[in-house]
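Colleague: Structure of the sequence below:
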Amino acid sequence: MEQTVVLVKPDGVKRGLIGEVIRRFERMGLKIVALKMVKADDNLLLKHYQSDKKETLERWGRKTLKTYTEYGKDAKKDFGTDDPIELGKLVNKWLFDYVKSGPMVVMLVEGKHAVENVCNAAGPTMPVQAPPGTIRGDFSTDSAAYANEEKRGVTNIVHISASLEEANFEKTLWFTPSEIHDYKRTDELI
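Modeller: Model prediction:
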């Protein structure tokens, strides 16, 4: 059985979507083996997003430049730079401001192909690209284009681990072993 991390971000918490997010995973036959509400600090977020790494900042900056190109905008004009690392630092600040804007619900979800199933249920990171029926597609219409223009993080309801490797890493950041529970769902007893 795989385990994967899901964060219901502050916009999801503030909109009362915690139960809806949990319901979707439980309906799929996945189970919640750890759950808590937290207010993340810079140190934890730095580890989680690995934004102290040049590669991470550069990747975020390049994504920002790509979005600006797609929408016919000029990053240098709007932000005073088109350097990917400098843009990545701006994105990092906006992201941290967003995820620190309120409490988050952090859960560890377990089941067969948990990582892939949770990714499919959440939909693509950019809500504007997420199809109806996914968490992001049903509850957000945000995009990097609007978020960048408004100098803020993309409000996309949830963070999900994108791979088993990422899930295993994030699990150690967000949970201690004593917070993770082993139990059988009723449907597992059959």
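
Colleague: all strands for this protein, in order.
Modeller: 2-8, 31-38, 104-111, 158-160 (DSSP state E).

Colleague: Distance to residue 67 and mean pLDDT added to those strands, as TSV?
Modeller: For the C-beta atoms, the positions are set from N, CA and C on the backbone; glycine is no exception. Formatted as TSV, these follow (distance: least, CB to CB, whole Å; pLDDT from 0 to 100):
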stretch	distance to residue 67	mean pLDDT
strand 2-8	23	98
strand 31-38	30	98
strand 104-111	25	98
strand 158-160	19	97
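
Colleague: Please tabulate these in TSV and include mean neighbour count as additional columns.
Modeller: Output for these, formatted as TSV (neighbours: other CB atoms under 10 Å):
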stretch	mean neighbour count
strand 2-8	24
strand 31-38	16
strand 104-111	23
strand 158-160	22
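
Colleague: out of these, nearest to residue 172?
Modeller: strand 2-8 (9.8 Å; CB to CB).

Colleague: Tell me who's in contact with the nearest residue to residue 68 once chain neighbours are set aside.
Modeller: Nearest non-adjacent residue to residue 68, counting by CB to CB, 6 or more residues apart in numbering: residue 75, 4.5 Å away. By CB atoms under 8 Å, 6 or more residues apart in numbering, the contact set of residue 75 is 64, 65, 68, 81, 82, 87.

Colleague: Show me the residues you listed that map onto helices.
Modeller: Within the contacts of residue 75, residues falling in helices by DSSP state H are 64, 65, 68, 87.

Colleague: The last one contacts residue 79, correct?
Modeller: Yes. Contact status for residue 87 versus residue 79: in contact at 6.5 Å, counting by CB atoms under 8 Å.

Colleague: Compare those two (neighbour count), which wins?
Modeller: Here residue 87 and residue 79 are compared on neighbour count by other CB atoms under 10 Å; more neighbours surround residue 87, at 24 against 16.

Colleague: so what's that one up against?
Modeller: Contacts of residue 87 by CB under 8 Å, 6+ apart are 60, 61, 64, 65, 75, 79, 81.
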